[in-house]
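Asks: fold the following for me, if possible:
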Amino acid sequence: MILAYCIHSLHSSGGMERVLSLKASSLADMPGYEVHIITARLKGRKPFFSLSEKVTLHDLGVSDHGAGRKFRRSLENCLKTIGADICISLCGGDVHVLGDLDDGSRKIAEYHFSHDKFFLKYGSNVLGRAYARLRTRKLERSLAKLDALVVLTEEDCKVWSRLLGNVHQIYNPLTFKSEKRAELTSKRFIAAGRLEYQKNYPDMIRAWAIVAKRYPDWKLDIYGSGSDEKRLQRLIDTLGVASCVHLKGRTADIHSEMMNSSALLLSSRFEGFPMVLLEAQATGLPIVSYSCPCGPSEIVEDGVSGILVPPGDIKGLADGICTLIGNPEVLSNYGKASYAAAGRFDKDCIMSKWDDLFRSITYS
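Replies: Take a look at the predicted model:
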């Protein structure tokens, strides 16, 4: 079976790129699969995450923004050359032309965000809500033309199933296995993700400013890069927490950083399915997270493997952090429960579900 994945690029260190690299490599190593990844504009840059040598890369060299005629023609020709049985979109610009292509492949989309992503991102005013409505309707129309839609959470599956047929829910797999649990002895919390609006790091930094007054010897290290970096550094300096809150840049080895930490923080406004929470569980880190849509409530069991806080509750976030710092036994118990929970997202289990879906679509 020949699979072709479509994504804008692979040079970023984001969750979609990490998961796609893992899934494509896993499938390529399975008997009976030939796997290709089609990028719109990799532009000679190397993929950030490693790929199996069996995965073939194709770069169209054409922007998928707006998915114009040139991009459509290039994508269709590439799919015909590959002879793909199934084409899988990660819902970049390509998703808006995929259903109209005449290349003979079945078409699937994976949506790595919640249905209400655009409303959560832009819906703070009348114009923003109107724009969000247009973007959402356009996406819905494009997805309705495809053979299947795969979403990441049960919460989002319920929403999409009211709008479309043939909607499936498959969790993302763990990107690594950790034979050992973190010792949870380091006076350090960790956060990881793009430094962008969605991740809402200002709330996290303001929460840590509260924590620092009680526990000045603990620190927060934030891994990632993005357009908000300078603004976040100014906030850190303004709040006087530069000695304990550090922007560490990108890392390709988040596992090692987690092993040297005692808990993970997440303060996102919205998510699709935050991989960093899975990776924290695989390492045995307790988690303090906003219960934003979608994902955290299906990964973290509040009061068992971590602490869930209503979105926007900065004081609640700080209180959750202080609960773990001030109660070593709670920290340890949450870490054990977190490590045990990671098995639900074992790679082999998740990939078998994808294998079943591909075979059902191909032979239906």
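
Asks: going forward, measure contacts between C-alpha atoms and count neighbours the same way
Replies: Noted.

Asks: can you dump the C-alpha atoms of the helix or strand of the chain with the lowest mean pLDDT in CSV for me?
Replies: The helix or strand of the chain with the lowest confidence, counting by mean pLDDT, DSSP states H and E, is helix 117-122 at a mean of 91. Written as CSV, here are the backbone C-alpha positions of helix 117-122 (Å, rounded to 0.1, in the frame of the first residue of the first chain):
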residue,chain,number,x,y,z
LYS,A,117,-9.7,26.4,16.7
PHE,A,118,-10.4,29.6,14.7
PHE,A,119,-13.0,30.8,17.2
LEU,A,120,-10.6,30.2,20.0
LYS,A,121,-7.8,32.0,18.1
TYR,A,122,-9.7,34.9,16.6
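
Asks: residues of it that come out buried?
Replies: Within helix 117-122, the residues scored as buried using 16 or more other C-alpha atoms under 10 Å are 117, 118, 119, 120, 122.

Asks: format the residues you listed as JSON lines; extra columns: distance to residue 346.
Replies: Below are the buried residues of helix 117-122 laid out as JSON lines (distance: C-alpha to C-alpha, whole Å):
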{"residue": "117", "distance to residue 346": "27"}
{"residue": "118", "distance to residue 346": "30"}
{"residue": "119", "distance to residue 346": "32"}
{"residue": "120", "distance to residue 346": "30"}
{"residue": "122", "distance to residue 346": "35"}
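
Asks: closest to residue 330 among those residues?
Replies: residue 120 (33.3 Å; C-alpha to C-alpha).

Asks: now do the contacts for the closest one.
Replies: 269, 270 (C-alpha atoms under 8 Å, 6 or more residues apart in numbering).

Asks: could you number the chain from 216 rather than 1 from now on?
Replies: Taking 216 as the first residue, the last one we looked at is residue 335.

Asks: helices along this protein, start to end?
Replies: Under the criterion DSSP state H, helices of the chain are mapped to 230-243, 284-297, 310-313, 332-337, 341-359, 369-376, 416-429, 444-453, 469-474, 490-498, 511-514, 529-541, 543-556, 562-577.

Asks: from the chain's centre, how far out does the first one sit?
Replies: Looking back up the chat, that one is helix 230-243. 12 Å (C-alpha atoms, centre = their mean, to the nearest Å).

Asks: also the third one?
Replies: Averaged C-alpha coordinates place helix 310-313 at 21 Å from its chain's average position (C-alpha atoms, centre = their mean).

Asks: tell me the mean pLDDT for it?
Replies: Here helix 310-313 scores 96 as its mean pLDDT.

Asks: neighbouring contacts of it?
Replies: 282, 287, 304, 322, 324, 354, 357, 358, 361.

Asks: can I get those residues in JSON lines with neighbour count?
Replies: Putting these into JSON lines (neighbours: other C-alpha atoms under 10 Å) gives the following:
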{"residue": "282", "neighbour count": "19"}
{"residue": "287", "neighbour count": "19"}
{"residue": "304", "neighbour count": "24"}
{"residue": "322", "neighbour count": "23"}
{"residue": "324", "neighbour count": "24"}
{"residue": "354", "neighbour count": "16"}
{"residue": "357", "neighbour count": "19"}
{"residue": "358", "neighbour count": "23"}
{"residue": "361", "neighbour count": "20"}
